[in-house]
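Undergrad: pasting a predicted model and its sequence here:
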Amino acid sequence: IDITKLRSATEGVITVDPGYKNTGSCESAITFLDGEKGILRYRGYSIEELAEKADFLEVAYLLIFGELPTKEQNDKFHDDIKAESIVDEDVKKILDAFPKAAHPMGVISSLTSALTAFNPSSVNVDSEEDMYKSVVRILGKFPVLVAWTFRKKEGLPLDYGDNSLGYVENILKMMFVKPNGEYTQNQILVDALDKLLILHADHEQNCSTSTVRIVGSSHAGLFASLSAGISALWGPLHGGANQAVLEMLEAIKADGGDTKKYMAKAKDKSDPFRLMGFGHRVYKNFDPRARIIKKAADEVLGDLGIDDPILDIAKGLEKEALEDQYFVDRRLYPNVDFYSGIIYRGMGIPTDMFTVMFALGRLPGWIAQWREMRLRKEPIGRPRQVYIGETAREFVPIEKR
Ligand code: ACO
């Protein structure tokens, strides 16, 4: 079918598909997902292999440009990103204006949008060269904004890190370097963060990615589109689930660790409570990322010598859910966020920063999807509706209503 010909209500049928459960919004060559078989591939490479063998920057390059980089391409990409890692000093004034209690997702979304104001030329991207500039600019500046958001909240002085380090190593240093400059690199944490970021790097047309594509389809700039995507990610039914999972596990622990009570709550239709970190719109047998992350959680906490009772509650909940008819019938399995928060916690990252870390990982995916949408010259996103309101009515003056 030539979909461009189905232009109006008079020419074609309008389908109503709340939540777009069966509606494809685009054609894409970036991420392949088979929810029945639990397969996830970036540009044809399995997530298992990428998480094991590649680093985050290589995966970012792969997602954005379609091929794994050669050593030279990788070095140049990293150099170009490093050259863009300085953030305008005035951005600090915006950061200062936020109250201490501000949620980091609100802060990072605002700062990302503000980058458009500091880089007005980034809005007009007419060539691949312009796009490349915006891509390396945001990959350079976003980790700085993440680290600054974290440090501001923690009351720590802001830091630019050390550009001689690897991309992920530098993120950790920017976040955790002490005010006196002291910092010890922990390879276990670097590897764990690298893996987590890879697992989150893209997931085809989810809520935040669709948001980035639809905002970008109006030819709003990359940074404005990303800022909208970050806001979409914030919600507890999407990226905010990693924060919600940990809060739920902590509540269960504080309540005596009775997982059965919370299982019953999740099944009770008169109770809005859902088991956070369970269920997925597309994965109906297992989430391949959850498998990798569960193993990583065990390894990381083991390597760090952390014995976290929260991990035991999580495992108990998972076991019970897998044997429970309600969850089996609805094919609800732990998703990627069920275990990610436990690892972030082990790394010393506060709960309300979890979704920001997710955004850091998803950044290359959003960029790749935005770039693909622009290169394919996709039309502006503009869904139709089926109107169910009043038919034509006569206006009644206010004194007669
Ligand atoms: N706990 C209890 N019941 C659930 C859960 C859950 N976590 N998830 C779905 N259900 C139930 C629903 O109540 C519904 O039951 P019903 O058929 O008896 O009415 C059925 O399972 C289907 O649920 P939907 O909401 O229709 O499924 P949908 O595909 O629209 O939602 C979603 C997927 C949003 C992920 C959902 O499973 C959920 O809310 N999970 C918890 C939040 C979460 O973990 N989000 C992270 C998603 S992954 C990510 O963004 C990286």
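TA: Noted; the coordinates are in hand.
Undergrad: low-confidence ranges, the stretch 151-300 of the chain, go.
TA: Applying pLDDT under 70 to the stretch 151-300 of the chain flags no residue at all.
Undergrad: can you give me the helices in it?
TA: 167-176, 187-200, 207-216, 222-234, 241-254, 259-267, 288-304 (DSSP state H, counting those that start in this stretch).
Undergrad: contacts for the third one, please.
TA: Meaning helix 207-216. Contact with helix 207-216 is made by 20, 25-26, 202-203, 205, 222, 224-226, 228-233, 235, 237-239, 362, 365-366, 369-370, 373-374, 378, 381, as judged by C-beta atoms under 8 Å, 6 or more residues apart in numbering. The way it works is simple: take the backbone N, C-alpha and C, and place the C-beta from them, glycine included.
Undergrad: just the buried ones among these, please.
TA: Neighbour counting by 16 or more other C-beta atoms under 10 Å classes 25-26, 202-203, 205, 222, 224-226, 228-233, 238-239, 362, 365-366, 369-370, 373-374, 378, 381 among the contacts of helix 207-216 as buried.
Undergrad: can you tell me the closest non-neighbouring residue to the residue in the chain that the ligand sits nearest to?
TA: Going by C-beta to the nearest ligand atom, the ligand is nearest to residue 279 of the chain, at 2.2 Å. Excluding its sequence neighbours, the residue lying closest to residue 279 (C-beta to C-beta, 6 or more residues apart in numbering) is residue 332, at 4.4 Å.
Undergrad: with residue 309 instead?
TA: Leaving aside its sequence neighbours, residue 309 sits nearest to residue 253 (C-beta to C-beta, 6+ apart; 6.2 Å).
Undergrad: tell me how far that neighbour lies from residue 240.
TA: 20 Å (C-beta to C-beta, to the nearest Å).
Undergrad: and for residue 42?
TA: 24 Å.
Undergrad: more neighbours: these two, which one.
TA: Ranked by neighbour count (other C-beta atoms under 10 Å), residue 42 and residue 240 place residue 42 first, with 24 against 20.
Undergrad: list phi and psi for that one.
TA: Backbone dihedrals for residue 42, given as degrees, to the nearest 10, come out at phi -100, psi 120.
Undergrad: can you tell me how far the residue lying closest to residue 280 once chain neighbours are set aside is from residue 199?
TA: Closest residue in space to residue 280, ignoring its immediate chain neighbours: residue 335 at 4.8 Å, by C-beta to C-beta, 6+ apart. Distance of residue 335 to residue 199, computed by C-beta to C-beta: 11 Å.
Undergrad: common neighbours of the two, please.
TA: The contact lists of residue 335 and residue 199 share residue 289, where a contact means C-beta under 8 Å, 6+ apart.
Undergrad: tell me the residues of the stretch 251-400 of the chain that contact the ligand?
TA: By C-beta under 6 Å from any ligand atom, the residues of the stretch 251-400 of the chain that approach the ligand are 266, 274-281, 330, 332, 335-337.
Undergrad: can you select the buried ones among the residues you listed for me in ChimeraX?
TA: The buried subset of those, as determined by 16+ other C-beta under 10 Å, is captured in ChimeraX by this line:
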select :266,274,275,276,277,278,279,280,332,335,336,337
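Undergrad: would you map the strands across the chain?
TA: 31-34, 39-42, 45-46 (DSSP state E).
Undergrad: just those strands: most buried one?
TA: Each of those was scored by mean neighbour count; the highest is strand 39-42, a mean of 20, by mean count of other C-beta atoms under 10 Å.
Undergrad: can you tell if it touches the ligand?
TA: No - counting by C-beta under 6 Å from any ligand atom, no contacts exist between strand 39-42 and the ligand, the nearest distance being 11.7 Å.
Undergrad: other SSEs contacting that strand?
TA: Applying 3 or more C-beta pairs under 8 Å, 6 or more residues apart in numbering; DSSP states H and E, one finds that strand 39-42 contacts strand 31-34, helix 47-53, helix 56-65, helix 288-304.
Undergrad: now it: mean pLDDT?
TA: Averaging pLDDT along strand 39-42 yields 97.
Undergrad: sheet partners, orientation included, of it?
TA: Partner strands and pairing direction for strand 39-42 (DSSP bridges) are strand 31-34 (antiparallel), strand 45-46 (antiparallel).
Undergrad: so which of those strands is nearest residue 301?
TA: Smallest distance to residue 301 across the strands paired with strand 39-42 (C-beta to C-beta): 25.4 Å, for strand 45-46.
Undergrad: residue numbers of the stretch 101-250 of the chain in contact with the ligand?
TA: So the stretch 101-250 of the chain meets the ligand at 237-239, 241 (C-beta under 6 Å from any ligand atom).
Undergrad: ok, 8 Å please
TA: Contact residues, the stretch 101-250 of the chain versus the ligand (C-beta under 8 Å from any ligand atom): 200, 203, 206-207, 233, 236-239, 241-242, 244-245.
Undergrad: out of those residues, who's nearest residue 92?
TA: For these, the nearest to residue 92 is residue 233 (24.2 Å; C-beta to C-beta).
Undergrad: which one is that closest one nearest to, not counting chain neighbours?
TA: residue 239 (3.6 Å).
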